[in-house]
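1. Show me how the following folds:
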Amino acid sequence: MESVPIHTTFEETYRQLLFIDSVVVSARRKRNLRRAVLFLVLTLVSLLLFFFSESDFGAAGVFALPFWWVCFGFYLLYLKWKTHKRRTGVLKQLAKNSLPESPSEMHLSFSTERVSVARGQETTTVKWSDFRAYLEEEDTVYLLQEHPYLAWSFSAKEIGAPALAELREIAKLKLPAFKM
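-> Sure thing, here's the model as predicted:
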């Protein structure tokens, strides 16, 4: 395919970064839910040992429960603070840094073998086999690599609806859909 100019803006880049971040945070929430269930099971075991056991182990477990729940609560607050800091600081700075210096500087070209982005004299080419999955939003296609933050994202605002439709079709053929 011929080269398609990429017309990116700060708002569009930041929106795409926030979407990828929400996918990552959603996966972490599932992991934290499993941890909360583990804490709940430990609480029930400690309470059962306290009421149905004659040993002192059950009493020690019941007295340690508030400490463990407070620690878990602080851990969740820390994760919330870290997510807020990443979204308001790091992702905004990343969006600013990824913008080209001139609007006509970036170009996208893709085929059934590879995807290339040219930025001035520098060209980055990735084979479809190097991507792990694709994810699509209403007007955006995300090509995910090993780490979700290394995703390549292209929207209809950036490359136009015809190029996006063609990229989406090739991605569906070459890559599995991302599952959270």
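2. so what's S155 up against?
-> 12, 16, 139-141, 164 (C-beta atoms under 8 Å, 6 or more residues apart in numbering). For glycine as for every other residue, the C-beta is placed from the backbone atoms N, C-alpha and C.
3. next structured bit after the lowest-mean-pLDDT helix or strand in the chain?
-> Within the chain, no helix or strand scores below helix 91-98, which has a mean of 74 by mean pLDDT, DSSP states H and E. Next helix or strand after helix 91-98 toward the C-terminus (DSSP states H and E): strand 106-110.
4. average pLDDT across that next one?
-> For strand 106-110, the mean pLDDT works out to 88.
5. name the helices or strands packed onto it?
-> strand 4-5, strand 114-119, helix 161-174 (3 or more C-beta pairs under 8 Å, 6 or more residues apart in numbering; DSSP states H and E).
6. Any idea which of the ones you listed has the lowest pLDDT on average?
-> Among the helices and strands packed on strand 106-110, strand 4-5 scores lowest, at a mean of 84.
7. That strand: partners in the sheet, and parallel or antiparallel?
-> Using DSSP bridges, the strands paired with strand 4-5 are strand 106-110 (antiparallel).
8. In PDB, please show the C-alpha coordinates belonging to the strand it pairs with.
-> Output in PDB follows, covering the C-alpha atoms of strand 106-110 (Å, rounded to 0.1, in the frame of the first residue of the first chain):
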ATOM      1  CA  MET A 106       4.800  10.900   9.900                       C
ATOM      2  CA  HIS A 107       3.600   8.400   7.300                       C
ATOM      3  CA  LEU A 108       2.100   4.900   7.700                       C
ATOM      4  CA  SER A 109       2.400   2.100   5.200                       C
ATOM      5  CA  PHE A 110       1.300  -1.500   5.600                       C
END
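9. Tell me what angle the least confident helix or strand of the chain forms with strand 114-119.
-> Comparing the axes of helix 91-98 and strand 114-119 via axes from the mean of the first three to the mean of the last three C-alpha atoms, to 10 degrees yields an angle of 80 degrees.
10. Which other helices and strands does helix 91-98 contact?
-> Counting contacts by 3+ C-beta pairs under 8 Å, 6+ apart, helix 91-98 packs against helix 10-52.
11. pLDDT averaged over the helix it packs on - what is it?
-> 78.
12. what separates it from the chain centre, distance-wise?
-> Mean-position distance between helix 10-52 and its chain equals 15 Å (C-alpha atoms, centre = their mean, to the nearest Å).
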